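Q: give me coordinates for this.
(2 chains)
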Amino acid sequence: MTTIFGIPSQALFGQLLLGLINGSFYAMLSLGLAIIFGLLNIINFAHGAFYMVGAFVAWMLLNYTGLGYWWALVLAPVIVGGLGILIERGLIARLYKLDHLYGLLLTFGLALIIQGLFRNYYGVSGLPYAIPAELTGGQRLPFMFLPNYRGWIVVFSLVICLATWLVIEKTKLGAYLRAATENPTLVQAFGVNVPLLLTLTYGFGVALAALAGVLAAPVYSVNPNMGADLIIVVFAVVVIGGMGSILGSIITGFSLGLVEGLTKVFYPEASATAIFVIMVLVLLVKPAGLFGKPA
Amino acid sequence: MRESAATVETTPHSAAGSLTVEGLEGWYGESHVLHGMSFDIRRGEVVTLLGRNGAGKTTTLRAIIGILGKRSGSIRFDGVETIGMTSRGIARLGIGYVPEERGIFSSLSTYENLMLPPRVKPGGLSVEDVYTLFPNLKERAASQGTKLSGGEQQMLAIGRILRTGAKTILLDEPTEGLAPVIVQQIGRTLQKLKGEGYTILLVEQNFRFAQTVADRHFVVEQGRVVDMIPNAELDANIAKLHAYLGV
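A: Have a look, this model is predicted:
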């Protein structure tokens, strides 16, 4: 068996792949958080809960209506994004004039309520969700075995992240979003419907979380706590990348997944804390984050 | 010149008034800045607000476009009362705003900045028209908006409003900090716009510049209009104006 730095290559690449998969989820979730924070100034603590609800909607669609994975990939973001829009209109919109802290408290409370409801009805043992038939099996690469579904996660989330970035950087709608992130008052004074822009942005960010949830359903068990476990790491990713930086959150998401994977190979005991150690170091050197602009 | 029946009915003392401000009060947070501002601008007129720093000129523009936190009194535009409207609604009536700090977006290219404000009325300039007026903007189209020089940024701030079709423009200190040659170019642009029937409310510290474009000057002190000087009488009133402005 070949080895690299004394580590079997199979194990090394296996961990790197796992890291890349975790990174895919970090990237999709931190991207949504970054967009929402940039425009709405809301630290969306309910993001992990929406990710979890996305996975549950996929499970419900399959078990209650017979609609499979591919339907869920489309419907779950629409349904959960719609829920996000209602929450933004009904609750979050009332907080824009207040300190960030209120938005954080509100969304934290929402996350607890949503998670509590799902725990009450579905328990915490986790529900199984099968890999879609088209993506079972795997590829035997020269250096490792690559399960098809895991490859799909990485490619699909990369495509979604890049598409989102392109829409924000290259379209008229994206220009409105960037301008309103800088100076919402002036954009509104040009006659642009900024409140609608805020609502749609929140809905989109939440839909991204739900999409990540559907993507996760076949690899992690569908569990009311799945979002709460992930969201803390994702917040660290956002802080490292720079609050509100779009490209920063994508790149940081994938890179930190890889760093975490490597840590599991070389020093497994530190794998759960590596990201937080990096966060501390980045905050010491660049308080605005790697891609953030100093305030 | 077009006049609607509504204008005549609701602005009796200045039948042709396109913008009538009466008893305008305005606040920044807790501090009361405007104390009963009253003035009017007729359609096609260029009017300046002159006054010292902190007199409330910029605040008046912010109140008119609807981005001041708290305001009361009356601001009628073409006979429509706007005091209870959002800034979005006011802009949609056909009022364009060029803020003091120019409001160029750093995350947008020059071209994106130019295209940002939506069209609110038919008859706005095309992008080519704006480029003819300000050729620099064409050369710098791909540059980051805030990488432009101060003068170019001012041209961009004016050009993007001319695209929208708004025929009434609130212009806050367009010459501030600019080189004399740029000031002249902006002056020529304002004269051209005036010739095309635009209505312009100009806030200026530089009354020598204001004199070259304006029809009337309102002197603002402590949040109210204390005097009105027709442009033709400006030279005769220089001593008085110096006293007002403290220059």
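
Q: tell me if I'm right that residue B:106 and residue B:153 touch.
A: No. At 10.8 Å, residue B:106 does not count as touching residue B:153 under the criterion of CB atoms under 8 Å. The C-beta positions use only the backbone N, C-alpha and C, and glycine is treated the same way.

Q: quick check: neighbours shared by the two?
A: Residues touching both residue B:106 and residue B:153 (CB atoms under 8 Å, 6 or more residues apart in numbering or on different chains): B:145, B:146.

Q: mind listing what residue A:176 touches?
A: A:187, A:192, A:197, B:116.

Q: up against chain B, what does the stretch 151-295 of chain A have?
A: By CB under 8 Å from any CB of the partner chain, the residues of the stretch 151-295 of chain A that approach chain B are A:172, A:175-176, A:178-179, A:181-183, A:185-194.

Q: same thing but 7 Å
A: Within reach of chain B by CB under 7 Å from any CB of the partner chain, the stretch 151-295 of chain A has these residues: A:175, A:178-179, A:182-183, A:185-186, A:188-193.

Q: most centrally placed residue in chain B?
A: residue B:170 (1.7 Å; CA atoms, centre = their mean).

Q: and it, that's in a strand?
A: Yes. According to DSSP: H, G, I helix; E, B strand; the rest coil, residue B:170 belongs to a strand.

Q: where's residue A:40 relative to chain B, distance?
A: Residue A:40 sits 16 Å away from chain B, going by CB to the nearest CB, to the nearest Å.

Q: then residue A:247?
A: 12 Å.

Q: list the contacts of that residue.
A: Counting by CB atoms under 7 Å, 6 or more residues apart in numbering or on different chains, residue A:247 touches A:165, A:291.

Q: ramachandran angles for it?
A: Dihedral pair for residue A:247: phi -60, psi -40, per degrees, to the nearest 10.

Q: again with residue A:44
A: The phi and psi values for residue A:44, taken as degrees, to the nearest 10, are phi -80, psi 90.

Q: circling back: and the residues of the stretch 151-295 of chain A next to chain B, which of them are in strands?
A: With DSSP state E as the criterion, strands contain none of these.

Q: can I get those in TSV with pLDDT and neighbour count?
A: Listed next are those as TSV, based on pLDDT from 0 to 100; neighbours: other CB atoms under 10 Å in any protein chain shown:
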residue	pLDDT	neighbour count
A:175	96	22
A:178	94	21
A:179	95	27
A:182	92	17
A:183	94	16
A:185	94	15
A:186	96	24
A:188	96	23
A:189	96	26
A:190	96	25
A:191	95	25
A:192	96	22
A:193	96	16
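
Q: looking at those, which are in helices?
A: By the criterion of DSSP state H, membership of these in helices covers A:175, A:178, A:179, A:182, A:185, A:186, A:188, A:189.

Q: residue B:205 in helix, strand or coil?
A: coil.

Q: nearest spatial neighbour of it, skipping sequence neighbours?
A: The spatially closest residue to residue B:205, leaving aside those adjacent along the chain, is residue B:173, at 6.5 Å (CB to CB, 6 or more residues apart in numbering or on different chains).

Q: looks like that neighbour contacts residue B:99 (just checking).
A: No. At 9.3 Å, residue B:173 does not count as touching residue B:99 under the criterion of CB atoms under 7 Å.

Q: residue contacts, residue B:125?
A: Contacts here follow CB under 7 Å, 6+ apart; on that basis residue B:125 touches B:162, B:163.

Q: to clarify, my last question referred to residue B:86.
A: With contact set as CB under 7 Å, 6+ apart, residue B:86 has these partners: residue B:66.

Q: same question, residue A:29
A: By CB under 7 Å, 6+ apart, the neighbours of residue A:29 are A:47, A:51, A:209, A:212, A:230, A:234.

Q: local confidence estimate at the residue nearest to the last one when sequence neighbours are not counted?
A: Of all residues beyond its chain neighbours, the one nearest residue A:234 is residue A:29 (4.5 Å), with distances taken as CB to CB, 6+ apart. We note a pLDDT of 96 for residue A:29 in this prediction.

Q: helix, strand or coil: sort out residue A:29 for me.
A: Residue A:29 falls in the helix class when you classify it by three-state DSSP.

Q: so residue A:146 lies in a strand, does it not?
A: Yes. According to three-state DSSP, the state of residue A:146 is that of a strand.

Q: and the pLDDT at the closest residue in space to it that isn't next to it in sequence?
A: Counting by CB to CB, 6+ apart, residue A:146 lies nearest to residue A:139, which is 4.7 Å off, once chain neighbours are set aside. pLDDT, residue A:139: 88.

Q: give me phi/psi at residue A:139?
A: The phi/psi pair for residue A:139 (degrees, to the nearest 10) reads phi -110, psi 130.

Q: mind listing what the spatially closest residue to residue B:23 that is not a sequence neighbour touches?
A: The spatially closest residue to residue B:23, leaving aside those adjacent along the chain, is residue B:73, at 4.1 Å (CB to CB, 6+ apart). Shown in contact with residue B:73 (CB under 7 Å, 6+ apart): B:22, B:23, B:24, B:25, B:83.

Q: looking at those, which is nearest residue A:35?
A: residue B:83 (34.8 Å; CB to CB).

Q: SS state for the closest one?
A: Residue B:83 - assigned by three-state DSSP - is coil.

Q: so who does residue 122 touch?
A: Just so you know, I chose chain A. Per CB under 7 Å, 6+ apart, neighbours of residue A:122: residue A:224.

Q: to clarify, I was referring to chain B.
A: Contact analysis of residue B:122 by CB under 7 Å, 6+ apart lists residue B:165.

Q: same check on residue B:67?
A: When contacts are counted by CB under 7 Å, 6+ apart, residue B:67 touches A:185, A:189, B:87.

Q: show me which residues of the helix or strand encompassing residue A:121 are buried.
A: Secondary structure from DSSP states H and E places residue A:121 in helix A:100-122. Neighbour counts over helix A:100-122 (16 or more other CB atoms under 10 Å in any protein chain shown) mark A:103, A:106, A:107, A:110, A:111, A:114, A:115, A:118, A:122 as buried.
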